[in-house]
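Participant: can't give you the sequence, but here's the structure:
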């Protein structure tokens, strides 16, 4: 029975989201997630003002016990307006234990990076584009090396406990809403 518990937990979390949120629900959650990010980091707000596009996943659920996965829905904003909806998924094997919900934001700092993402079918972080994952709270300054990356990511609002924080291997899929 114990060996089926991790699988059962993952299935429960991901099946709860299988039907997904409506366009209106995602839009409202995206606005809330960005407001939270900007309240926590002036630097993130400054970078957003320079970004060609911003991909926001207000709720990404991760669960695992040696085998795990992520799932979330969000939208791509260009000019502060949603232009496409996306799903993020990943699977992983290795030392991981727990359940977590968090928000993820990817800022495409160049038109080329944004266009490569939009033209892809199943874009994968780390393969199709390298993401500079920035942490805030330590200092509000964004150094010039970080700001010069074509894709900058923020992960925040962690609820729950999970070891393993990375966007590597995450796949992004266009969805219709």
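Facilitator: Arrived safely, thanks for sending. Only a predicted model underlies this, so the values are computations on that prediction, with no experimental measurement involved.
Participant: which helix runs longest in this structure?
Facilitator: The single longest helix within the chain, with elements called by DSSP state H, is helix 23-40.
Participant: what's that one packed up against?
Facilitator: Judged by 3 or more C-beta pairs under 8 Å, 6 or more residues apart in numbering; DSSP states H and E, the packing partners of helix 23-40 are helix 42-50, strand 53-78, strand 81-108, strand 151-162. From N, CA and C alone the C-beta is placed, and that goes for glycine too.
Participant: and these, which is most packed in?
Facilitator: Among the helices and strands packed on helix 23-40, strand 53-78 has the highest mean neighbour count (mean count of other C-beta atoms under 10 Å), at a mean of 22.
Participant: which residue packs closest to the residue positioned nearest the centre of the chain, ignoring adjacent ones?
Facilitator: Using C-alpha atoms, centre = their mean, the residue of the chain that lies closest to the mean C-alpha position is residue 104, 3.1 Å off. Using C-beta to C-beta, 6 or more residues apart in numbering and skipping residues adjacent in sequence, the residue nearest residue 104 is residue 57, 4.5 Å away.
Participant: how about residue 117?
Facilitator: Distances taken as C-beta to C-beta, 6+ apart place residue 123 nearest to residue 117, at 5.4 Å, with adjacent residues excluded.
Participant: could you check how far the one you found is from residue 45?
Facilitator: Separation of residue 123 from residue 45 (C-beta to C-beta, to the nearest Å) stands at 25 Å.
Participant: residue 41: neighbour count?
Facilitator: Residues within reach of residue 41, counting by other C-beta atoms under 10 Å, total 20.
Participant: the nearest residue to residue 153 once chain neighbours are set aside: what's it in contact with?
Facilitator: Excluding its sequence neighbours, the residue lying closest to residue 153 (C-beta to C-beta, 6+ apart) is residue 131, at 4.3 Å. By C-beta atoms under 8 Å, 6 or more residues apart in numbering, the residues touching residue 131 are 106, 125, 149, 151-153, 167.
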